[in-house]
Every structure is written in C-alpha cells, then in structure tokens.
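S.K.: 3D model of this:
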Amino acid sequence: MSDVIPPDASAPEPTTVIEEPQPKGRKRIALAAGGAVLVAAVAGGGAWAYQAWTQQGDQPAEALPASTTLGYAAIDLDPTGEQKIEAVRVLNKFPAFKDELDLGTKDDIREKVFEAMQKDGLCKDLDFSKDVDGWLGDRYAIAAIDQGKDKTPAPVFVLQVKDAAKAESGLKKVASCMAEDSEESGEEGGYAVSGDWAIIAETEAIAKDVVKDAEKAPLSDDEDFQRWIDAAGDPGIMSLYAAPEAAKVAFDAFAADMPASDLPAEAKKFVDDFKGAGGSVRISDGSLEAEFAMEQPEDAVTGKLSKDGTLAASSLPATTAAMFGLALPDGWVEKALDANGSMLEEESGMSTDDLVKMIEQETGLSVPEDIETLTGESLALAIDADFDADAIMQGDFTAIPVGLKIKGDPKAIEKVIDKLRAAGAKYDMPRNFVVSKTSGDYVVVTINAKYADKLAAEKGLGDTDLFEKVVPKDEDATGVFFINFDAGSHWLDNLLSDLGAPDEIVDNVKPLQGIGVSGWADGDVGHSLLTVTTE
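M.R.: The predicted model follows:
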C-alpha cells in the first residue's frame, strides 16, 4: 500500500511513504534480516574509499531523526577514481578478502556483495540486474532508535534508493526470499520509503515514525551530530556517531539488574559527562585509518594525560616489535586510590589506608611518592623482535627481550628499584634478577641483561618511516601503542608458523606491516587514531 502525503505551503517536498502490507510470521525476521545483511555485509566486506563527507552528496543521516537516534553507522560504496583503486589494491593483498569477493577496480561493489550473499544460500532465485540494480543505491546505515523509557532501542536500517516504486517491489522480493530461507517466525515487519531512502524496521509503525520525525528535524542538521562527525577528522568510507543520550541508555540497560552499590562511581560519572562521540573510517595513503573523537574527560584515575606520552616510546630501539607508552600526570596514584577505594576495600577486607600501609611494609616503598617516581615523566613497555623462541618454549623467561624505559630522575628511580630488589630478596629472589641501567635521562628496567644494554644504547624508533606513518601525531600523543610486523624478518609470520597455525592465517597476516594506536587532545576534545598499514 502506498500513501502519498500531500504538500502544503509550509511543508517540505512531498514524501511518498510505501508501507509493507502487513507481512506475517517469518517476514518480520526476514525484512529486518535483509536490511541487516545488506548493511552488515557491505560494512564487513567493503571499506572502499575516501571522500569528503560534505562532498559525498546525500547521506543516510538525512533520513534519520535527530530527536531519537542514539547511534549511527553509515557506509558509502560510491568511491571515486584513485580512492577505489587504492582501496581495492590494499584489500586484495589479503587472500581471505580476494577469495571472498574477487573484486576488481571497475566492479560494482553492490553486485559483488549480493553474489557473496547468494553463495551463502540467501535469495538464490533473485537476479541482481532485474531485482536489485534498478533501485538500490550506494549508501547505507544502521541506527539505534530510542523507543522511550523501559523500551529497548529499535534497530533501523537505511538504504539509499534510486527509484521508490522499484524499491517497493524489490524490498518485497527480498523479504519474501529471506522468509523462505529462514526458519524463524515472529511478528509483523515493515518499511517505508521516503524520498531517496528506504527505512527498514521491526515494525511498520517504527519505520513510519522514523520517516515522520526525520522530516521534522533530520540527524544531519543536528549540532551534536555535526560537531562530532567534524571532530573525527577527514571523512571516509564509514561514519560513526553516538548521541549524548546513548551512554545513559546503554548504562541503564547494563545496570538494570545490578544493585546501585555495585555500580562503579567512575562509570556513572562518565555517563553523566558524556556529550557524544564521532568516528570516521578511511583509506589514506595505503593505510586503513579509524579515528574517534569525544570530549576528553577529567579521568578520576589519571586526570588529563600529558603530551609526553611518546617521549620514552620514540627513544626505543628501531628493532622494537611492539610497545606501549604513556605519560601519567602528577598525583595520579592518589586519584587512582580515591577512584577505586571502595572496590579495593571490598576485595582486601581492609581500609584503603591500611592497605597502603601493608604495601609499604611489604615493599619498602613510600606510597604514592615512590610509585610516581618510578613511572617518571614518560614510560614505555617494549618487546624486541630479536628473541629466542626455543628458550622461551623451554621456560626461560629471562630470554624474553621485554623491558621498561622510563624518562625521569635516574637517581631517584634507581633508589626505588633498589627498594624493590630488597623486597624481592625477602622471598629468595636474586637481587640481579631485575636489571636496571641508566642512559642520560632514562632508566631501563628488564629481566634480560642483554636487552638492557640494547635498550640503553640504541634509539631510533621514533624516526622510522613506519612509526611516523602509523603514529602521525606523535609529538602531541598522550599515549601510543605500536606493532611492527616486519621487525626481525617478519617475526609474526615466523611465530605463527612455529606454533603450527593454519596456512590461511599465516597468509592473511603476511601483508600486514604495522599497527599504531595513538591518542591526543585538542582543547577539550580527545582523539584516538588506529592506523593499519600494509606492505
């Protein structure tokens, strides 16, 4: 059935709402599943290109309401020129992707995804050219719609359509074939077509409400949405958004069956302070990037992290296989104790003050002073690619080239380490089990004497091309995680092979070159960036 909403002088352009004629039983599941497959399949199998969000044309956010959309993930399968070529080139390096879609730079991604669905046994009798191509567009989204208090948010799927009438016919066919292929049964399902978009939901009423509310105030015009989508950096193949209300809805659902006393105060504070978040997934210079932005919280444990997060990290040897570095601000230990005091008291059966006294007695440390001295201005935990796998397999953990590099006051740090050695000696731990070495403003700490020399003498990680590529804002980073898969002649490939991993797993990690995760602050906005690069 089709309802045409007539225009009036004050209304926007006429909108055609096409409703599913009360599909029964399995069609509710089929209709929702059809939308889920179309969105999830392209999201999982298709990260194709970079385009400026504001230059991409119509976006699914235009078809969703600002008032009730809690979360949103959109994907664009309409890349242009070099971006599609680059994306396909990168993804085809992975046999799992190439074997699944066998995608060429000139192929229609929609058709390839549809063919993959049919290989899995879905809608085998449909023909892409006749039943899909004429109406299905290139942009899709999945959203969570608030249904009000005590109701679970409703999943909604948004599909771009090129022809409303053909979309009605096509969606009916998809619902019918999905119902035939499904063993599930359930209530009615529905959809509505509004302009260039089809809304698929669990019920017809939900779909119609989404259309009606979006016409009043679309998500694309919402200030919070625009703020966080913009803050997430250069737009790309996928856009992500969480509304300010999303955290509370999720927290309330999580905490519904928990006593109030069991709910972490820090989690409650996060929910109360949450002002929304945005994300962008893109292909950039042969790398896959995922950037996220949200207001930087004044964390009860660490405060606001320092920009010195990569000082120690960048001074590591160039042969580093993996590392994690950060800088903790003054006073972080006391904040951690304050934030976790109730939990510590419950677990230990003693007050926080008594627990601190016990730690001081057992270790000889002064808390919090010695702990903050030990973490310094910046520290990094690293593992080198040059390790003896056979020795490790035989239980010789001193063969593991893993250690800490700390930037701070070397003399003060060494005094704290000596206290820990003395504490360990009471439990028959050899004093030389923990090796420390000073190099300028840095102290290295490890259980591998050979690696201690290397950590102290060698530098250069921060100047390597790979580190600079996957940690592009290292000078501003508050923290960084880094993996070099090529270090030590492809250590991961060799390790997986030695462990007897299947060939398909080894083959699919070989193209990986490096991974970087970094975080930085821009005013009150905190950013995080994941970069995955290939050879």
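
S.K.: which other helices and strands contact the helix or strand I199 falls within?
M.R.: Using DSSP states H and E, I199 sits in strand 197-201. Contacting strand 197-201 under the criterion 3 or more C-beta pairs under 8 Å, 6 or more residues apart in numbering; DSSP states H and E are the following elements: helix 26-45, strand 154-161, helix 164-181, strand 190-194, helix 204-216. All C-beta atoms are positioned from the backbone trio N, CA, C, and that covers glycine.

S.K.: mean pLDDT for these: which is lowest?
M.R.: Per-stretch mean pLDDT for these is lowest at helix 26-45 (a mean of 44).

S.K.: what's the next secondary structure element after that helix?
M.R.: Using DSSP H and E, the next helix or strand after helix 26-45 towards the C-terminus is strand 69-76.

S.K.: Now G500. Its backbone dihedrals?
M.R.: With angles defined as degrees, to the nearest 10, G500 sits at phi 80, psi 30.

S.K.: can you check S528 too?
M.R.: Taking degrees, to the nearest 10 as the convention, S528 sits at phi -130, psi 140.

S.K.: Start at 424, not 1
M.R.: Understood, numbering begins at 424; the last thing we discussed is S951.

S.K.: How many residues are close by it?
M.R.: Counted with other C-beta atoms under 10 Å, the neighbours of S951 add up to 17.

S.K.: same thing with S920?
M.R.: 13.

S.K.: Can you tell me, leaving aside adjacent residues, what's nearest to it?
M.R.: Spatial nearest neighbour of S920, chain neighbours left out: V929 (5.8 Å); criterion: C-beta to C-beta, 6 or more residues apart in numbering.

S.K.: starting at the chain centroid, how far to the strand holding I622?
M.R.: 26 Å (C-alpha atoms, centre = their mean, to the nearest Å).

S.K.: now do stretch 651-659
M.R.: 14 Å.

S.K.: Alpha carbons of that stretch, as PDB, please.
M.R.: These are the backbone C-alpha positions of stretch 651-659, laid out as PDB (Å, rounded to 0.1, in the frame of the first residue of the first chain):
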ATOM      1  CA  TRP A 651      31.400  15.000  16.400                       C
ATOM      2  CA  ILE A 652      31.400  14.000  12.700                       C
ATOM      3  CA  ASP A 653      33.600  17.000  12.000                       C
ATOM      4  CA  ALA A 654      35.800  16.300  15.100                       C
ATOM      5  CA  ALA A 655      36.500  12.800  13.900                       C
ATOM      6  CA  GLY A 656      38.800  14.200  11.100                       C
ATOM      7  CA  ASP A 657      38.800  13.600   7.400                       C
ATOM      8  CA  PRO A 658      35.700  11.700   6.400                       C
ATOM      9  CA  GLY A 659      35.900   8.400   4.600                       C
END
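
S.K.: Show me what the mean pLDDT comes to for it.
M.R.: For stretch 651-659, the mean pLDDT works out to 90.

S.K.: pLDDT weak spots in this protein?
M.R.: The chain contains residues with pLDDT under 70 at 424-480, 502-507, 602-612, 682-687, 720-732, 812, 897.

S.K.: Brilliant, that's me finished.
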